[in-house]
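Asker: Model the structure of this input:
(chains A, B and C)
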Amino acid sequence: MDVDPPSEEQKSSQQSPFQVFCLNSLSPINPFSPPQFAQPMDISPSVSPFQAPAPESTQSVSTLPQRMDLGIMKTTTCKCKKSQCLKMYCCCFVRQEYCGGCGCMDCLNTKATETQRRAALEEQTESNPQAFQSADQPGRGCNCKKSGCLKKYCDCFGAGLVCTNLCRCQSCLNH
DNA sequence: GAGTTTGAAACT
DNA sequence: CAGTTTCAAACTC
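Answerer: Modelled structure (predicted):
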């Protein structure tokens, strides 16, 4: 490995203009936005999607604030029962983090089950190379039908954003 | 806390 | 690719 991981300061300085826009527009709108939102996930292409996060994350995850900046999968911990935390249903898996302090059952998203975890990650990226990158883009648009985009089921509303022409939602009231 | 609703993901 | 099913979070009571 000849590439040093970026420091926290470097990471925050790597925010794209879009991310900056989103984050700036969050605070006045989003009533549940803690300031920590300004720390985006580092899912840059230079980082392997199969690279495991630091082992201590299994201890620290549950103490982290809610991460609405993902647009989807807002919660910090999951409660998966059937997916074994190896599918995109799982908020931890989507963030490519190990489960830790979650209420999940039959979890395979752990350091101890790294083989299965990596296989699942690989399978996911094979079927959709953008799978983990797109999860970090709240502006990708929602597809809501019944919520009027005024509930947190809506990716846009959950991220504190108004819907745009990128969305395919119906009966949208989130303008 | 249990049950319902919702929309994304997964499956057929 | 469209329709259906499964899943887990959000929501309601």
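Asker: Can you pull the residues of chain A lying near DNA strand C?
Answerer: A:73-75, A:78-83, A:85, A:87, A:89-91, A:151-153, A:158 (CB under 7 Å from any atom of the strand). In this view, the C-beta of every residue, glycine as well, is placed from N, C-alpha and C.
Asker: Near DNA strand B, list only the ones from these.
Answerer: The subset of the residues of chain A next to DNA strand C within reach of DNA strand B, counting by CB under 7 Å from any atom of the strand, consists of A:Lys87, A:Tyr89, A:Lys151, A:Tyr153.
Asker: And those residues, which two are furthest apart?
Answerer: Maximum pairwise distance among those (CB to CB): 23.5 Å, between A:Lys87 and A:Lys151.
Asker: Tell me which of those two has more neighbours.
Answerer: Regarding A:Lys87 and A:Lys151, a neighbour count based on other CB atoms under 10 Å identifies A:Lys87 as having more, with 15 against 12.
Asker: Quick one: low-confidence residue ranges for chain A.
Answerer: Per-residue confidence for chain A (pLDDT under 70) gives these ranges: A:1-75, A:134-140.
Asker: does A:Cys167 belong to a helix or a strand, and which?
Answerer: Secondary structure assignment for A:Cys167, by DSSP states H and E: no helix or strand.
Asker: looking at it, it is touching A:Lys145, isn't it?
Answerer: No - distance between A:Cys167 and A:Lys145: 11.5 Å, which falls outside the contact criterion (CB atoms under 8 Å).
Asker: quick one: A:Gln84 and A:Asn109 touch, right?
Answerer: Yes - A:Gln84 sits in contact with A:Asn109 when judged by CB under 8 Å, with a separation of 7.5 Å.
Asker: So which of those two has more stuff around it?
Answerer: When neighbours are counted by other CB under 10 Å, A:Asn109 comes out ahead of the other of A:Gln84 and A:Asn109, with 28 against 21.
Asker: Now do the same contact list for that one.
Answerer: Applying CB atoms under 8 Å, 6 or more residues apart in numbering, one finds that A:Asn109 lies in contact with A:Gln84, A:Cys85, A:Leu86, A:Cys90, A:Cys92, A:Phe93, A:Tyr98, A:Cys99, A:Arg117.
Asker: cutoff 10 Å now
Answerer: Under the criterion of CB atoms under 10 Å, 6 or more residues apart in numbering, the contact list for A:Asn109 reads A:58, A:78, A:80, A:83-87, A:90, A:92-93, A:96-100, A:102, A:116-117, A:120-121.
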